[in-house]
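> output the structure for:
(one chain, ligands or ions: 1)
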Amino acid sequence: MAQQLASVCPLDCPDTCSLTVTVEDGKITKVRGSEANPLTKSAICSKVSKLYPDFVHGSNRLTQPLRRIGPKGEGKFEAISWDQAMDLIHEKFQDAIDKYGPETIMPLNYAGPHGMLAGGSMDLRFFHQLGATVLSRRPLCGGIKSEAWAGTFGAIAGVQMTDLEQSDMIVVWGNNVSYSNLHLAPVLQRLRDRGGKVVVVDPKRIKVAEQADLHLALRPGTDIVLAFALAAELERRGAFDTDFIARMVEGA
Ligand code: SF4
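Next comes the predicted model:
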């Protein structure tokens with residue numbers, strides 16, 4: 001009999017969409033978004049809605065530990081039990097530590113599916129206890145993004161989705177919303193429905209630009225000129241909120 005179960009997306013993605021998962025005879029048959037998370041409001045990306053049942057039950061899913069039995073790259077493995085896998089890892093770790101000391105072990109992991117066990121809690125305790133090398137494990141994608149953000153805006157968080165819902169105008173600057181900001185798209189639609197304006201700054205006529213009130217198709221690399229021009233025009237019109245800037249803006 002099919003059951004509808006409440007769940008949350010376990011992928012390494014900050015959106016944390018709430019899900020309703022249909023399970024029949026112990027197998028996931030359907031995954032769709034649910035209303036439980038008011039920010040994601042039933043919208044989920046297609047890789048999860050279309051591919052997740054296969055990700056869990058597909059033929060390539062690893063269901064037990066495999067030990068390589070041929071040269072690297074040959075792709076030959078044999079199935080072993082979890083006890084055998086644990087013993088093997090313990091033996092290899094111990095050999096390496098005996099020969100070179102604990103710092104010869106360096107964890108090269110990140111959060112994987114987010115959660116208390118994977119997201120820098122129990123895994124870090126384990127490696128610290130071992131005396132392993134400590135590595136800054138920020139992911140390539142997120143680490144680069146965070147540096148770019150901090151370098152541009154300073155030490156502030158992004159705009160809250162709940163604040164966006166209060167806006168009269170949203171400027172989408174260098175953000176291909178339709179493909180990489182799934183949950184912003186309905187916010188823009190609601191803004192348009194209540195008579196607000198959407199401005200898109202992007203060299204390409206991306207999908208969200210087609211629906212915008214104004215699309216500024218800059219030449220790549222000239223964003224900074226537009227930013228300075230906007231700042232100069234706001235200053236000329238006396239439109240800056242000087243109190244806010246004095247309190248909240250670094251480097252002003
Ligand atoms: S956008 Fe996709 S990957 Fe991210 S939390 Fe939602 S369903 Fe998961």
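
> report the residue ranges of every domain in the chain.
3-57, 65-100, 155-248 (automatic domain parsing).

> closest to the ligand out of the ones you listed?
Proximity to the ligand, assessed across the domains of the chain by CB to the nearest ligand atom, is greatest for domain 3-57 (3.0 Å). Bear in mind the C-beta positions are built from the backbone N, C-alpha and C, glycine included.

> report whether the helix or strand bottoming out on mean pLDDT in the chain contacts the ligand.
Within the chain, no helix or strand scores below helix 140-153, which has a mean of 79 by mean pLDDT, DSSP states H and E. No. Shown here: helix 140-153 not in contact with the ligand (CB under 6 Å from any ligand atom), separated by at least 13.2 Å.

> and stretch 182-193, by the same measure?
Yes. On the criterion CB under 6 Å from any ligand atom, stretch 182-193 is in touch with the ligand at residue 182.

> buried set for that stretch?
Using 16 or more other CB atoms under 10 Å as the test for burial, stretch 182-193 gives 182-185, 187-188, 191.

> in JSON lines: the domains of the chain, plus distance to residue 147.
Listed next are the domains of the chain as JSON lines, based on distance: least, CB to CB, whole Å:
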{"stretch": "domain 3-57", "distance to residue 147": "17"}
{"stretch": "domain 65-100", "distance to residue 147": "33"}
{"stretch": "domain 155-248", "distance to residue 147": "12"}
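
> near the ligand, which residues of the chain?
So far as CB under 6 Å from any ligand atom goes, the chain lies against the ligand at 9, 11, 13, 15-17, 44-45, 48, 182.

> of those, buried ones?
9, 15, 17, 44-45, 48, 182.

> next helix or strand past the helix or strand where residue 227 lies?
For residue 227, the element it lies in under DSSP states H and E is helix 223-236. Counting by DSSP H and E, the next helix or strand C-terminal to helix 223-236 is helix 242-248.

> average pLDDT for that following helix?
Mean pLDDT, helix 242-248: 88.

> residue 97: which of the residues of the chain next to the ligand is nearest?
Nearest to residue 97 out of the residues of the chain next to the ligand is residue 11 (CB to CB; 33.6 Å).

> is it true that that closest one touches residue 48?
Yes. Taking CB atoms under 8 Å as the definition, residue 11 is a contact partner of residue 48 at 6.9 Å.

> okay, helices next: where are they in the stretch 101-250 of the chain?
122-130, 140-153, 161-164, 177-180, 185-193, 207-210, 223-236, 242-248 (DSSP state H, counting those that start in this stretch).

> most tightly surrounded among the ones you listed?
Burial of the helices of the stretch 101-250 of the chain is given as mean neighbour count (mean count of other CB atoms under 10 Å); helix 207-210 ranks first at a mean of 17.

> let me see the mean pLDDT of that one.
Mean predicted lDDT for helix 207-210 stands at 95.

> can you list contacts of it?
Helix 207-210 is contacted by residues 172, 176-178, 185, 188, 198, 200, 202, 215, 217 when judged by CB atoms under 8 Å, 6 or more residues apart in numbering.

> residues contacting the spatially closest residue to residue 191 that is not a sequence neighbour?
Spatial nearest neighbour of residue 191, excluding adjacent residues (CB to CB, 6 or more residues apart in numbering): residue 170 at 5.9 Å. Each residue near residue 170 by CB under 8 Å, 6+ apart is listed here: 164, 187-188, 191, 196-199.
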